[in-house]
Each structure stands twice: as C-alpha cells, then as structure tokens.
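Q: Sequence and predicted structure are below.
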Amino acid sequence: MSQNAEKVIDHFELFRGPEYTGMLENKKCMFENPVPAEELERVSEWTKSDEYRKINFARAALTINPAKACQPLGAVFAALGFEGTLPFVHGSQGCVAYYRSHFSRHFKEPTSAVSSSMTEDAAVFGGLKNMIDGLANCYTLYKPKMIAVSTTCMAEVIGDDLNAFIKNSKEAGSVPETLDVPFAHTPAFVGSHVTGYDNSLKGIIEHFWDGKAGTAPKLERKPNGKLNFIGGFDGYTVGNMREIKRLFDLMGIEYTILGDNSDVWDTPGDGEFRMYDGGTTLEDAANAVHAKATISMQEFCTEKTLELIENKGQEVVAFNHPVGVEGTDRFLLEVSRLTGKSIPTAITKERGRLVDAIADSSAHIHGKKFALYGDPDLTLGLAAFLLELGAEPTHILSTNGGKAWQEKAEALLASSPFGKNCHVYAGKDLWHMRSLLFTEPVDFLIGNTYGKFLERDTKTPLIRLGFPIFDRHHHHRYPVWGYQGGLNVLVTILDKIFDQMDQTTNDVAKNDYSFDIIR
Amino acid sequence: MEYNFFGPSKVAASLREIANHFDDTIKEGAERVIAKYQALTDATIARFRPRLEGKKVMLFVGGLRPRHVIGAYEDLGMEVVGTGYEFGHNDDYQRTTHYVKDGTLIYDDVTAFEFEKFVEKVQPDLVGSGIKEKYIFQKMGVPFRQMHSWDYSGPYHGYDGFAIFARDMDMAINAPVWRLTKAPW
C-alpha cells in the first residue's frame, strides 16, 4: 500500500505506486486497444520531421491549440477596468463561467461578471426577455454604477440588437433610464480577445462621449493638457498599471487611465470581499474626451478605439507593448513630447540601472535562439527586447496576428543584425510551433502556460511570459513595462538560462567540470 | 443504483452493497478490502479528526458531490451545514435528504450574492466550491477548498483518497494565514 496517514501522498506520487501502475497498465492492455509501441514510436518520430512540417503548414481547415482566446473574454477585461462596473454578457451561463474561471486562474482573484443566461428557448425566440430580466436582477442584486454589455456567439448568430434591447429594457423599467449601460457586439467566432477588448472599450468611451445612446447631448471637446493612457489586454496589468502611474507621477503628468484593472485584480485579504474596487471613474471616462492626446500601449488591442479618439481631435500614439531600454525610451520621449514635461533624473537613473544590468548579464543571452508566441503586441515588444539583448528571436508566432502584424514584425527583424535568420508566423497555432521547434530547434521558448506541453514534447525550456499563466503564481503583480519592468523580464529570462545551465552540468564526474558557483 | 466512494464509512457501505449482488467469493472479497484499509483509515482519523472535530462546512458543487462528500466530512467529525447543486434535479434533492441532518441549509443554483450572504450568516469554518468562488471567500477570511478540481490535489475518493482529503481540509482550515486577516491596529 502506497498511502500513509503520517506522510500523505497525493496524485503526484500516489499513482506511481505499484497497485496503480499495475491497474492502469492492465486497463490499457485489456480495454484501450493500443497500437504496438514501435508503431507509436514511428509515428511520433515522423511528426518531428521536415516532411510532417510541410503537411502541417499546408493545413487549412483545422486549428490545433490556437494561442488566442475569444472576443467576449477581452470585452470582460475592458469592462472591469471601470469603477463599479459589472460586465453583463448576453449569452449562456457557461461562456461567462469560462471568462471568470480563466481570469481567476491567472490572477488568483475573484472576477465578477453576469450572464443573461440564454438557453434553447432564447436561441430560438431571441434573448430580449433575458436582457430585460437579466439587467433588472443585475442592477437590484449587485448595485453596479455601470453595466457594460457584450455578447457571445449565440446572441450574435441569432442577431440580437443590443442597442434596441437596452432601450427596450430601460423602457420596461428593468434599470433606471439614467444608468450607464454601454454595449459592444463581440462575436466570439471573429477576431480574438484583443478585438473584444477594443470593441468593448470603444463602446464604453463612445457611450460617454457620444451622448449615451441618444439620451444625452454629445460632449463637446474642450482640449486640456491631460494625457489618456490605455494599457490594452495585459496579463501583467496589475504590476504594469502601477508602474505607469509611478512613472507619470514622477514626471508630474496629469493623466487618465482609460480602463484600470490594477486594483480590481489585486484586492486585499482583509476579511472583506470587494466586488468592485478601483477602476477608472465614470466621470474621468467622460472627461477624457478633453485630453490633449491618448497613448495606447498595445496598438492591436485598440485599433477601433484609437480611431474614435482621433476623430474627436486628439493626437493618438500607439506602441506595441514596449519592453526594454529602447522601447521604454520611445514611450517616455513621446509622453514628454505630448505633455511638455521633462524626464526626471530619477527615471534616467532607472534607465541606467537597466542598462547596467543588461551589460552585466548579456554574455549569457547573446546569440541564444528564442522561439516566442503570444498576442501581436506582446510578441513585438518582447522580440524587440530580445534583439536589444543580442538574442535571436528565431520563430515569432501569433495566432491572432494578421498581415499588418507580420509586416511590423518583419520590419523589426530587418532592423537588427540579430534578426537575420528569424521568421514570423501570422495566424499559426501551437501545433505549427511544435513543428518549428523540432525542425529548427532553439535554445528557449517564450510563451504562456500552454507552452509547457511544447516544452515537454520538444525539450525546449519554457520561459513563462504572456497570458494566461496558471501554473506560476503572482508574476502579474510585477511590471514588464518601464525600466523596472525591463529588469523583471531580464531576470525572468536569466533565471531560466542559469537553471538550465546548472541542470545540464550537474552529473557528477561527467559534466560537472562546469557546475560552478559563479556565473 | 448509486454508490458513494467518499470517506471510509460510505466506501465500506458501498462495497458491501455491491458485493451483495454477487456470491460469497465477492462478499468475502469486499470484506477483505475493507479490512485491508482499516489501519490506514484509523491512522488518518486519529491524526486529523482532533484537528477538525466540530468544524462546519458549506458546499456548492456539481455532480453528486453535494451529497456524496458529506460522509467523508462526518468521518472526520465535521458537520456539513449547507449544500446545494448548480444543475441538480428533484431526485438529487430527495437523495440529499438521506445524507443531511434536519436544519441543513439547502440551496439550488445559488447566485454569488446568495452564497455570500449565506456564508456571512452561517459563518462556516470551511467552504468547498469552485475556482469562481475560491477567492471571494478567501478574501472574507474563510478557509476554502475547490471541490471540483480538488484544488489541484486529490484524488479524494476511496481509502487512499480519504487520507488526502483529510490532509487538505486540515491544511485549509488550520493554515496560519487565517490568523493574519485582521491588522493588529
């Protein structure tokens, strides 16, 4: 018997005991009709070949392990960034359970969102009644300051009209006429979570600036000197937003964060559950129309939103998730140009410290090959940082990256001698990445938690940077933006490199001539 | 036919009930299995029951667990004071009545709002539910275990699993962190 009350073992060890391994082996032989081990081995090896890679890349009607999520997930992210806001997803309960679980697993925090609980009858007859009752329940039970409505596949397939539905609901008295109920159509079968973020954020801004769906006068822009800042869909939003605020405060800038999730997903464990905490105030969201300019840290998360803002007469500047020295330089220079505020010595010193750290460590990164995948902006930001470190971002893949992303990534690679033999893969998935890792091996893989299966398969050590990260805790609390953020990313990469170095040099009397104390 | 393999009392009862459908060889076999695990069961209860005796639990899970895990808690001297199903039907609630004491709070497809209010009012020592509920109750200072994924631990079924179940409930309820919730000023 493997189990012991004094030293209890769980599934990690329990199922390695003879009674379980014997049972599972028996089950396999008797009931699973397994192919012979040699055949399994043959096919497994074949999937690692160039021949298989060609077939894999010719694949048209099948996606395997896409590195992206759906629009409504991004819509919920954007909505949660506003004060007292409850995301209301017009669709089935299961969809909302997914968004909530997904965010809770990444941030280790509660995530509140409601569903209009559509079922078969709503799919046939339309979801108006669900909307009317749902809004009423949501408002009565949870007393939100704003309800931000988005949709799922079901509501979009049957073509529910949110604008009309919300008007009808208000007429039916389900929520007060004056309650802010912005909306966005976010069909899950088009685009990805970054598109949903964009649509939802645009819906909220449009609501406040353009007359609240015809119920109030449109705001007239009276330009002031303030700066709007949009972070985009970002797994590091807790650390990043606080870092950006710290930098802006150091520069003495007047700013509005449009969509601030940093306190929403970092509430204290002090005996009280805060369903709402932090977020951009609704007043600030409205007044943001008067700002001089808007900066987006993630261009591909905010394409439509920035268009709307630009049409209001503001200057808009978009970055691609800047990470590292030059990315942060460009960001701060733009902030300085737009606001007329100089970059203080304290920040310049931080820059110097990051440069110093890179100089200290770059010999361990220089010339190393990396594969990386993730959202369009994140991959651009990380690839730029890798080039800055003298590393080669050999495979850059983004399932939700399109043609514009591909061109940008290729231009980035062309700008550095370290990008010479590197390639960009737009719209490809993690099964494509598997072929790349087998046929053109690299030293390290950068990606989210799902990369751990590629790590196991191809033995390429995984550096966890991205979203979601379920199997390591609390990294979202540390920024990856700003010079401090660059330092965090540098350390994350270095830690893996050193761990790998130690693990491959620790066989006693074999390769331990390099198992050293100092690196 | 419905059997339950959570907690040694229900495991033994289920094994005997299943064996009753067969001949004496199987009946003896069931007794042999029960006897084989008696020492582990006794040692598990001896170690963990004193740390968990009298603790109150509220559950909200799917499948059959809202009733099936009750026996496992009772084997450790704990009391399930509230339970409910997300998608349960009438027969689920009928069967639940055989498991619970009078006065147990039963909730069907409980909303986040209702669950939070129930927990505030009843003040259990442990809540067992899913990932969407976990962080809400931990913020409130209430120990919590996920009872869908076994909080990435488990299994909780069978005799081996009961030891893991007991260890996990102990580490949730008696974690030193719950003494730190309130600042000393």
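A: Noted; the coordinates are in hand.

Q: What parts of chain B come near chain A?
A: B:36-37, B:40, B:43-44, B:46-48, B:111-113, B:116, B:130-132, B:134-141, B:153-155, B:159-160, B:163-164, B:166-167, B:177, B:181-183 (C-beta under 8 Å from any C-beta of the partner chain). Every C-beta, even on glycine, is put in place using the N, C-alpha and C of the backbone.

Q: Can you say which of these are buried?
A: Listed as buried from these are B:37, B:40, B:44, B:47-48, B:112, B:116, B:130-132, B:134-141, B:153-155, B:159-160, B:163-164, B:166-167, B:181; burial here means 16 or more other C-beta atoms under 10 Å in any protein chain shown.

Q: Let's see which of those residues end up in helices.
A: In this view, those that belong to helices under DSSP state H are B:40, B:44, B:47-48, B:112, B:116, B:131-132, B:134-139, B:159-160, B:163-164, B:166-167.

Q: Without its sequence neighbours, what residue ends up closest to residue 107?
A: I went with chain A, as the question did not name one. A:Trp265 (4.2 Å; C-beta to C-beta, 6 or more residues apart in numbering or on different chains).

Q: actually it's chain B I care about, not the one you picked
A: B:Gly84 (3.8 Å).

Q: which helices and strands sit right next to the helix or strand the one you found falls within?
A: Using DSSP states H and E, B:Gly84 maps to strand B:79-85. For strand B:79-85, the packing partners by 3 or more C-beta pairs under 8 Å, 6 or more residues apart in numbering or on different chains; DSSP states H and E come out as strand B:56-59, helix B:65-68, helix B:70-75, helix B:90-97, strand B:105-108, helix B:112-122.

Q: how close does A:Glu326 get to A:Trp481?
A: 13 Å (C-beta to C-beta, to the nearest Å).

Q: Could you tell me which residues make contact with the residue nearest to A:Phe107?
A: A:80, A:103, A:107, A:109, A:111, A:237-238, A:476 (C-beta atoms under 8 Å, 6 or more residues apart in numbering or on different chains).

Q: That one in helix, strand or coil?
A: coil (DSSP: H, G, I helix; E, B strand; the rest coil).

Q: mind pulling up the phi and psi values for it?
A: phi -100, psi 30 (degrees, to the nearest 10).

Q: Check what pLDDT it gets.
A: Confidence at A:Trp265, expressed as pLDDT, is 98.

Q: hmm, back to that, now mean pLDDT too, for the helices and strands packed on strand B:79-85, in a markdown table please.
A: As requested, the helices and strands packed on strand B:79-85 are exported to a markdown table (pLDDT from 0 to 100):
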| stretch | mean pLDDT |
| --- | --- |
| strand B:56-59 | 98 |
| helix B:65-68 | 96 |
| helix B:70-75 | 98 |
| helix B:90-97 | 94 |
| strand B:105-108 | 96 |
| helix B:112-122 | 95 |
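
Q: A:Phe229: which of those is closest?
A: Among the helices and strands packed on strand B:79-85, helix B:112-122 comes nearest to A:Phe229, with 31.4 Å by C-beta to C-beta.
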